[in-house]
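> Here is a sequence together with a model predicted from it:
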Amino acid sequence: MEPTSPVPPLAPFPPDPPGEHRSRAPEFYGFVAWTSTSVVFVLYVLWALLPDEYIVWLGVEWYPSREWALLLPAYSIVLVLLTYSVYFSIAIARTPAFSDPNTLIDTKAHLPALNANQYFKHADPDAIPELYDIPIGLVNRVVYTNRIACQMKSGRLEKV
């Protein structure tokens, strides 16, 4: 029985550019990494769980103390937790205070030029206005002016 919908031909994704051959080396590296990790894990579990007689019977004359079977995972967990706490502490230490202007603007900000009034360039119908960051003072003036005026009229404005 024929399918009711057309079957598209299989195409590689992403498509290879014409005339170029993609290397299969990453596939082999991935397979080697996966198998070697599996072998190391099996050896680790055997070292941690097998009695000494079996390990000597297998021909291994020297191996580390069994306490390292517990210490290595414990140290690795502590190292991961320490890494997270160090990065978290660095982020907190490098965060500027709320009163610092760097909380509102940084070195990548694109501010309007001081010598020209950039706010009225949109009045020219043929001009494409330049993109820039709006200064926080202008944002506060636009957002909060009506609220302050309404509070002053109603007598609810309190001195801080």
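Received, thanks.
> got any ranges where this protein has weak pLDDT?
1-17, 114-123, 129, 147-160 (pLDDT under 70).
> and the longest helix for it?
In the chain, with assignment by DSSP state H, the single longest helix is helix 68-94.
> Counting by contacts, list what that helix packs against.
Identification of packing neighbours for helix 68-94 by 3 or more C-beta pairs under 8 Å, 6 or more residues apart in numbering; DSSP states H and E yields helix 25-49. (Glycine included, C-beta is placed from N, CA and C.)
> okay, which residue is most central for the chain?
Centroid-nearest residue in the chain, with C-alpha atoms, centre = their mean: Y87, separated by 12.7 Å.
> ok, so what distance separates it from A93?
Counting by C-beta to C-beta, to the nearest Å, the gap from Y87 to A93 is 11 Å.
> cool, and V32?
41 Å.
> which one of these two has more residues nearby?
For V32 versus A93, neighbours defined as other C-beta atoms under 10 Å are more numerous around V32 (10 against 7).
> Distance check, that one against I134.
54 Å.
> Y44 now?
58 Å.
> Also A127?
Distance from A127 to I134, counting by C-beta to C-beta: 18 Å.
> V56 now?
76 Å.
> Also S99?
From S99 to I134 the distance is 21 Å (C-beta to C-beta).
> In terms of neighbours, single out the busier of those two.
Legend: neighbour count by other C-beta under 10 Å for S99 and I134, higher for I134 (12 against 6).
> Specify the local secondary structure of that one.
coil (DSSP: H, G, I helix; E, B strand; the rest coil).
> mind giving me the domain ranges of the protein?
Segmentation of the chain into domains, based on automatic domain parsing, reads 24-63, 64-95, 101-154.
> Could you export these as a markdown table, including distance to P18?
Formatted as a markdown table, the domains of the chain follow (distance: least, C-beta to C-beta, whole Å):
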| stretch | distance to P18 |
| --- | --- |
| domain 24-63 | 19 |
| domain 64-95 | 45 |
| domain 101-154 | 39 |
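> neighbouring contacts of stretch 95-109?
Residues outside stretch 95-109 that contact it (C-beta atoms under 8 Å, 6 or more residues apart in numbering) are L111, D133, I136.
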